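# Got a sequence here, can you model it:
(2 chains)
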Number of protein chains: 2
Amino acid sequence: MAQDEQHDPRPGVVKVAVWQFHPTPRDPDTNLARLRAVAEEARHQGAALLVTPELTLTGYDVGELDGLTRDDDVDRVAAVARDVGIALVVGLALAAPPDHGPHHGPHHVNASVVVDRDGTVRATHRKAHLFGDLDRSRFTPGSEPFAMTELDGIRVATMICYDVEFAEGVRAAALVGAQLLAVPTANMRPFEIVCEQVVPVRAWENQIAIAYANHCGREGETHYVGRSVVVGPDGRPLAVAGPDDEQLVVADVDLGAVADAQRANPYLTDRRPELYEDLVTPRPPRRSTPSDTDME
Amino acid sequence: MAQDEQHDPRPGVVKVAVWQFHPTPRDPDTNLARLRAVAEEARHQGAALLVTPELTLTGYDVGELDGLTRDDDVDRVAAVARDVGIALVVGLALAAPPDHGPHHGPHHVNASVVVDRDGTVRATHRKAHLFGDLDRSRFTPGSEPFAMTELDGIRVATMICYDVEFAEGVRAAALVGAQLLAVPTANMRPFEIVCEQVVPVRAWENQIAIAYANHCGREGETHYVGRSVVVGPDGRPLAVAGPDDEQLVVADVDLGAVADAQRANPYLTDRRPELYEDLVTPRPPRRSTPSDTDME
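Model (predicted):
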């Protein structure tokens, strides 16, 4: 991205923008117009990449999505990227593949789409870890823990909201070389700890930068917690949004710091995969039961 | 533990003590005498379990351990538990098994020993993730990510210091039902983030209580960061020690809260083990190199 003088001129530094916002519920046209305006603002501030929240075009806790999605939604997002000249990672609902299993389940997948600044779709992730009834009633889960692509020499992975709360998937992305993880999210009360501690620890333990773009405000009983954040590969927040209001935050992500963090905290080489077989064994966990708390 | 009136009388609640201290370097007799005195104090405060730092008997960054360990070190620790009537999780060096591999490596293992209040050794963990030259020059690594036993109906797992920084091992312990993880540690500057964020997130993401017992003060160039902590299964610190001084911290760990946390944050059942195969593939991770930061 450094070849373009409008981008950050420092080699190995990527200016990343995160858009914290409150979509107009069930109004994709309005939200798409707002995306375009914010992409222009981010571009004006020198950002090479803009990350938006989960289900940017429709809102998240807005009920059934049938009739709210269009076959050309991705094309419309790609047009914003191409027209403005900025790469985008956008959360949006897509129609589920027609062969998505014998259960004839929900009609949509909860997706994150990576589009480069020329408007080419480079990667699509389908939320793999579904969160409660809100997700399960509406979405078919994806079958990969993340998606990854390369944008101007930077390996950008993406996953969605609840996905990042599972250490396993983020580790898998880091092991194949992800340098920046872009996470559209819709994180609500009482899960402030995810913004404030879990996401920074995911960055720290994997030496990976993370851009986490959240909703703010309310949708019905769902009160989003804002606190969108860009975290460096040393686990330190580079830019943080407030809890309540819409905000565009921009931070310089230094890829040299990824290599520095790998030298300082060599978890990726010190880990011992031969000891972790139980992590891939498909058996139910042993849960605490009331009898477990009986004292002898 | 509730049957004994000197223990906490509330059903399902375990009073856990964590000893943050500065061992006298290379002086096991003195440190053992101090362990006995602190165990009595912890018992006096009603604790059923006391967790001590890594290499409690010798100190951690104290050079070669040959001549500092005795064959009866575990017996001496067990005698403290039996005499005082308190369960102990103690970090100490043990002689490595004579058949510990073809390399005739270091003579010791870095161990955590779980002893019940009758003085019976219930579990022994050997540090599996070795930290830098300090560990590698002196210790043969263990071959399990944790050890676990049951103390009065509570499933107590143990691992050591750097082990807990790997999400994989803590997850494995939680999947087989660990409720409390006891971690002897020797965490130093600049790794305050481990005490303040990584350990709480390990508790949160696994719905497990953690008792993390650290050194304080200095050994040569190594400046320990204190900040020993007992964290509840909701990720909230229940008791925290300061950064600099010796301290005995005591907290009530509520096993009912473990079950509550599992209901509130069902990561253990929502995880998708079939997606994590790459975590157990023994291949080197892809590292960032200087060329990775070259822009096209």
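
# mind checking pLDDT for whichever residue of the stretch 1-150 of chain A sits closest to chain B?
Nearest residue of the stretch 1-150 of chain A to chain B: A:G12, at 3.4 Å (CB to the nearest CB). Every residue, glycine included, has its C-beta placed from N, CA and C. Looking at A:G12, its pLDDT is 88.

# Would you check how far apart it and A:G256 are?
Counting by CB to CB, to the nearest Å, the separation of A:G12 from A:G256 is 5 Å.

# now do A:V156
17 Å.

# Surely A:A81 and A:A87 touch.
Yes - between A:A81 and A:A87 there is a contact at 6.3 Å, judged by CB atoms under 8 Å.

# Give the residues shared as contacts by these two.
Common neighbours of A:A81 and A:A87, using CB atoms under 8 Å, 6 or more residues apart in numbering or on different chains, are A:115-117.

# of those, closest to A:E274?
For the shared contacts of A:A81 and A:A87, the closest approach to A:E274 (CB to CB) belongs to A:D116, at 38.2 Å.

# re the thing from before, between A:G12 and A:G256, which one's more packed in?
Just comparing A:G12 and A:G256: by other CB atoms under 10 Å in any protein chain shown the higher neighbour count belongs to A:G12, 21 against 16.

# What does the pLDDT read for the residue most central in space within chain A?
With distances taken as CA atoms, centre = their mean, A:V183 lies nearest the centre of chain A, 1.2 Å away. For A:V183, the model assigns a pLDDT of 99.

# Report the contact partners of it.
A:51, A:112, A:158-161, A:163-164, A:199, A:210-213.

# swap in A:L50?
The contact partners of A:L50, taken as CB under 8 Å, 6+ apart, are A:16-19, A:38-39, A:42, A:86-89.

# re earlier: counting neighbours, which of the shared contacts of A:A81 and A:A87 comes out on top?
Going by other CB under 10 Å, A:V115 tops these with 26 neighbours.

# Skipping adjacent residues, who's closest to that residue in space?
A:A81 (4.3 Å; CB to CB, 6 or more residues apart in numbering or on different chains).

# In contact with that neighbour, which residues?
By CB under 8 Å, 6+ apart, A:A81 lies in contact with A:39, A:87-88, A:115-119.

# Helix or strand next in line after the helix-or-strand element of chain A with minimal mean pLDDT, which one?
When each helix and strand of chain A is scored by mean pLDDT, DSSP states H and E, helix A:255-264 comes last, with a mean of 89. Following helix A:255-264 in sequence order, the next helix or strand is helix A:267-270 (DSSP states H and E).

# And that following helix, what's buried?
By neighbour count on 16 or more other CB atoms under 10 Å in any protein chain shown, the buried set for helix A:267-270 is A:267-268.

# Just confirm the residue nearest to the centre of chain A is within a strand.
Yes - counting by DSSP: H, G, I helix; E, B strand; the rest coil, A:V183 is found in a strand.

# Does the closest residue to it other than its chain neighbours lie in a helix or a strand, and which?
Nearest non-adjacent residue to A:V183, counting by CB to CB, 6+ apart: A:Y212, 4.7 Å away. Assigned by DSSP H and E, A:Y212 belongs to strand A:209-213.

# Measure how that strand sits relative to helix A:255-264, angle-wise.
Angle of strand A:209-213 versus helix A:255-264, following axes from the mean of the first three to the mean of the last three CA atoms, to 10 degrees, is 120 degrees.

# The next helix or strand after strand A:209-213 - contacts with which helices or strands?
Heading C-terminal from strand A:209-213, the first helix or strand you meet, by DSSP H and E, is strand A:218-219. Of the remaining helices and strands, none touches strand A:218-219 by 3 or more CB pairs under 8 Å, 6 or more residues apart in numbering or on different chains; DSSP states H and E.

# Give the pairing partners of the very next helix or strand once past strand A:218-219; include direction for each.
The helix or strand immediately downstream of strand A:218-219 is strand A:222-223, counting by DSSP H and E. Strand A:222-223 pairs in its sheet with strand A:218-219 (antiparallel), by DSSP bridges.

# So which residues make contact with the partner strand?
Contacts of strand A:218-219 (CB under 8 Å, 6+ apart): A:25, A:59-62, A:224.

# Switch these over to CSV; also include secondary structure and distance to A:W204.
Below are the contacts of strand A:218-219 laid out as CSV (DSSP: H, G, I helix; E, B strand; the rest coil; distance: CB to CB, whole Å):
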residue, secondary structure, distance to A:W204
A:P25, coil, 35
A:G59, coil, 32
A:Y60, coil, 27
A:D61, coil, 30
A:V62, coil, 34
A:Y224, strand, 25
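
# For PyMOL, write the selection for the buried entries among those.
Applying 16+ other CB under 10 Å to those, the buried members can be selected in PyMOL as follows:
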select buried, chain A and resi 25+59+60+61+62+224
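
# Could you verify my assumption that A:V62 touches A:R26?
Yes - the criterion here is CB under 8 Å, and A:V62 meets it with A:R26 at 5.2 Å.

# got any residues that touch both of these two?
Common neighbours of A:V62 and A:R26, using CB under 8 Å, 6+ apart, are A:L68.

# Identify the residues contacting A:E144.
Per CB under 8 Å, 6+ apart, neighbours of A:E144: A:125-126, A:128, B:275.

# Is it part of a helix or strand, or is it coil?
Looking at A:E144 with three-state DSSP, the answer is coil.

# For it, give me the pLDDT.
97.

# so how far is A:V258 from it?
22 Å.

# With A:G177 instead?
10 Å.

# who's more crowded, those two?
A:V258 (29 against 19).

# Pretty sure the more buried one sits against A:A203.
No - the criterion here is CB under 8 Å, and A:V258 misses it with A:A203 at 9.9 Å.

# Overlap of the contact sets of the two?
With CB under 8 Å, 6+ apart, A:V258 and A:A203 have common neighbours A:209, A:233.

# Could I get the buried residue list for the longest helix seen in chain A?
Secondary structure of chain A per DSSP state H: the longest helix is helix A:28-44. Going by neighbour count (16+ other CB under 10 Å), the buried part of helix A:28-44 is A:28, A:31-32, A:34-36, A:38-43.

# again with stretch A:63-72
A:65, A:68-69.

# Ok, stretch A:71-85 next?
A:73-74, A:76-78, A:80-82, A:84-85.

# Tabulate those (a markdown table), appending secondary structure and pLDDT.
A markdown table is the format used below for the buried residues of stretch A:71-85 (DSSP: H, G, I helix; E, B strand; the rest coil; pLDDT from 0 to 100):
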| residue | secondary structure | pLDDT |
| --- | --- | --- |
| A:D73 | helix | 98 |
| A:V74 | helix | 98 |
| A:R76 | helix | 98 |
| A:V77 | helix | 98 |
| A:A78 | helix | 98 |
| A:V80 | helix | 98 |
| A:A81 | helix | 98 |
| A:R82 | helix | 98 |
| A:V84 | helix | 98 |
| A:G85 | coil | 98 |
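
# Of those, which is the nearest to A:E192?
A:V77 (29.2 Å).

# Spatially nearest residue to that closest one (excluding sequence neighbours)?
A:V77 sits nearest to A:V90 (CB to CB, 6+ apart), 5.1 Å away.

# Quickly list what that neighbour is bridged to.
A:V113.

# And the one 5 residues further on, by the same measure?
On the basis of DSSP bridges, A:A95 takes part in beta bridges with A:H108.

# ok, it to A:A111 distance?
Distance from A:A95 to A:A111, by CB to CB: 10 Å.
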